[in-house]
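J.: generate coordinates for the sequence data below:
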Amino acid sequence: MSLLERAPDLAAANEILHRVFGYEQFRGKQAEVISAVLDGHDVLAVLPTGGGKSLCYQIPALLRPGFGLVISPLIALMSDQVNALLARGVKAAKLDSTQDLNQRGDIWDAARTGELDLLYLSPEALASPFVRDKLSRLPVNLVAIDEAHCISQWGHDFRPEYRALGQVKALFPDVPAMALTATADHVTRADICAALHLDKPVEVVAGFDRPNLSLRFVRRKGAALKEISALLQRQKGASGIIYCGSRDGTEKLARALTLEGFSATAYHAGLSANIREDRLKAFMAGPESKNQAKIMVATIAFGMGINKADVRFVIHADPPSSMEAYWQEVGRAGRDGLPASGVCFYAPGDLGWAVRRLTLRENEGAADQSVQKQKARDFFATVLGPDCRRQAVKRYFGEEAGAACGTCDNCLSRGRLTDVTEPAQMLMSALYRINGARGRKKLVDHVLGKSDRPDYTTRIKTFGIAKGQYDAALLTHVLDQCEAAGVIAEELYDGKMPIVGLRDSDLLKQLFKGDLKLTAKI
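T.: This next block holds a predicted model:
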């Protein structure tokens, strides 16, 4: 009789939920995921941050003979889960690079003799032929791949070492395989299933709505330190995360905030494992700790699986380059269900920088990045758009938009919704007639009739076409919208100066014909 034929039912899962984990009932889609696994199906589960993904594989692993194998990307995350399980009497262990040969030998012995319920591994460890050979001889009862968006080349945190996890299904063909993540659109979900060779997986996708989150997008001028400091002053003593686009940026911002009296520390992949672990402990510590750090200033290397319920705010000093990344990161606020906020700062050059970075990856041998570039444009179209943020997020992930949230920046704005297709046509007509890329300010000045000295561009009939009708602020915003829509693209002149040029002739024709409409709140 196979493991699948001995599958327990959901009543047994409920008993484990109550006796081992202390919960009275399942939340959200947990029961649906667990039922599918207990029935022997492969599963792709997209559950929100704080939605209890870990129970979806921990409980089935406890109910089946043998042990569950969990693939997780971070040592700190594995350590947290193993320690929490051990405290509840669950026989759990992790294999990682910090252990010596004797410690690893003890774990392999425990797995062989039935003294293990769950074994955590990194994707790098599973890439070892020695580890795979060992596992193939052991009673693995399910395989769970956490943070599964990392396996998709269209996911927001793609990791090449995750791609090798496609071997897992061949290694354990008779046990359920689970892929779990907090955010994945339909393209990413399809890629995850294909990359892992999941066999007709049951897809369980929970709602993406986070009604306790208040969202705001702020156009920054220069560094955002002053505005971030003002935000923190209004939430003095609250715990939060600030994301920066670079390692150097996290260090500089953490130092600046510390000088202003905030309890802040930096976290990024360039720090040693010991320093990262100490800083994580300081952030996770309770208010009674003398070493508590209230604010973590981090790159995206921080946050996956962090079980801190009282994060009151997530601030993006630099915007991410996709909706999936944004929603995963901002979703780390308000896991306790209480009101929390997400504030994202952005600047005109951010989209161009994101696209150039993806082009660089492509030039370095990465797969075609066209899907990721479009995701970046879609995200910035949302950032610049006039719609309720809650509705925009739900629509992006394929849900019904529902009612407006009433709490985001667009809902609270008193501006009126205005068709700005005409100024967009003016700007694009000028760029077309100039017949070459231009800096944003020079292009806006051109249609406003401003020039330091006469040249051939001042003789073009689009010179001054917008004068007296539109101001520079609106035209700059519309230019950003044209970039997000894909009509134009940013490049660097002489490797330094950002300029914009026409990108897509078909979209340009649609704009001129009025088939492509742009709107803004003014």
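
J.: could you look up the SS state of the closest residue to Ala61 other than its chain neighbours?
T.: Among residues not flanking Ala61 along the chain, Gly68 sits closest, at 2.7 Å (C-beta to C-beta, 6 or more residues apart in numbering). For every residue, glycine as well, the C-beta is placed using N, CA and C. Assigned by DSSP: H, G, I helix; E, B strand; the rest coil, the conformation of Gly68 is strand.

J.: quick one: Gly68 from Gly270, how far?
T.: For Gly68, the distance to Gly270 equals 33 Å [C-beta to C-beta, to the nearest Å].

J.: so the two - more neighbours on which side?
T.: Gly68 (27 against 15; other C-beta atoms under 10 Å).

J.: is it true that the more buried one touches Ala144?
T.: Yes: at 6.3 Å, Gly68 and Ala144 qualify as touching, with contact defined as C-beta atoms under 8 Å.

J.: give me the common contacts of the two.
T.: Contact criterion C-beta atoms under 8 Å, 6 or more residues apart in numbering; residues shared by Gly68 and Ala144: 57, 61.

J.: can you count the residues close to the closest residue in space to Ser122 that isn't next to it in sequence?
T.: In space, Ser122 comes closest to Asp96 once its chain neighbours are excluded; the distance is 6.1 Å by C-beta to C-beta, 6+ apart. Other residues within reach of Asp96, judged by other C-beta under 10 Å, total 18.

J.: pLDDT weak spots in this structure?
T.: Within the chain, the ranges that satisfy pLDDT under 70 run 1-8, 155-156, 287-289, 301, 303-305, 364.

J.: so it: which segments form each domain?
T.: Listed domain ranges for the chain are 4-205, 213-397, 417-521 (source: automatic domain parsing).

J.: chain center to the second one: distance?
T.: Just to be clear, that refers to domain 213-397. Relative to its chain's centre, domain 213-397 lies at 10 Å (C-alpha atoms, centre = their mean, to the nearest Å).

J.: ends of that domain, how far apart?
T.: End-to-end distance of domain 213-397: 17 Å, with C-alpha to C-alpha, to the nearest Å as the criterion.

J.: mind giving me a markdown table with the domains of the chain and columns for distance to Ala404?
T.: Formatted as a markdown table, these follow (distance: least, C-beta to C-beta, whole Å):
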| stretch | distance to Ala404 |
| --- | --- |
| domain 4-205 | 20 |
| domain 213-397 | 4 |
| domain 417-521 | 13 |
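
J.: what's the closest of these to Asp409?
T.: domain 213-397 (4.2 Å; C-beta to C-beta).

J.: which residues in the stretch 151-300 of the chain form helices?
T.: Using DSSP state H, counting those that start in this stretch, the helices of the stretch 151-300 of the chain run over 160-163, 168-171, 186-196, 225-234, 247-259, 273-284.

J.: sorry, wrong one. I was asking about the stretch 1-150 of the chain.
T.: Going by DSSP H, counting those that start in this stretch, the stretch 1-150 of the chain shows helices at 10-19, 30-38, 53-63, 75-87, 101-112, 123-126, 129-136.

J.: and these, which is most packed in?
T.: Of all these, helix 53-63 carries the top mean neighbour count, a mean of 25, counting by mean count of other C-beta atoms under 10 Å.

J.: pull the distance from it to the chain's centre.
T.: Worked out by C-alpha atoms, centre = their mean, helix 53-63 lies 24 Å from the chain centre.

J.: is it true that Ala520 lies in a strand?
T.: Yes: assessed with three-state DSSP, Ala520 lies in a strand.

J.: give me the spatial nearest neighbour of it, chain neighbours excluded.
T.: Leaving aside its sequence neighbours, Ala520 sits nearest to Val420 (C-beta to C-beta, 6+ apart; 4.8 Å).

J.: how many residues are close by that neighbour?
T.: For Val420, using other C-beta under 10 Å, the count is 22.

J.: show me what contacts the residue nearest to Ser122?
T.: Neighbouring residues of Asp96 by C-beta under 8 Å, 6+ apart: 75, 78, 121-122, 125.

J.: what do you get if the cut-off is 7 Å, keeping everything else the same?
T.: 75, 78, 122, 125 (C-beta atoms under 7 Å, 6 or more residues apart in numbering).

J.: distance to Ala11 for those residues - can I get that in a markdown table?
T.: Below are the contacts of Asp96 laid out as a markdown table (distance: C-beta to C-beta, whole Å):
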| residue | distance to Ala11 |
| --- | --- |
| Ile75 | 36 |
| Met78 | 30 |
| Ser122 | 35 |
| Ala125 | 35 |
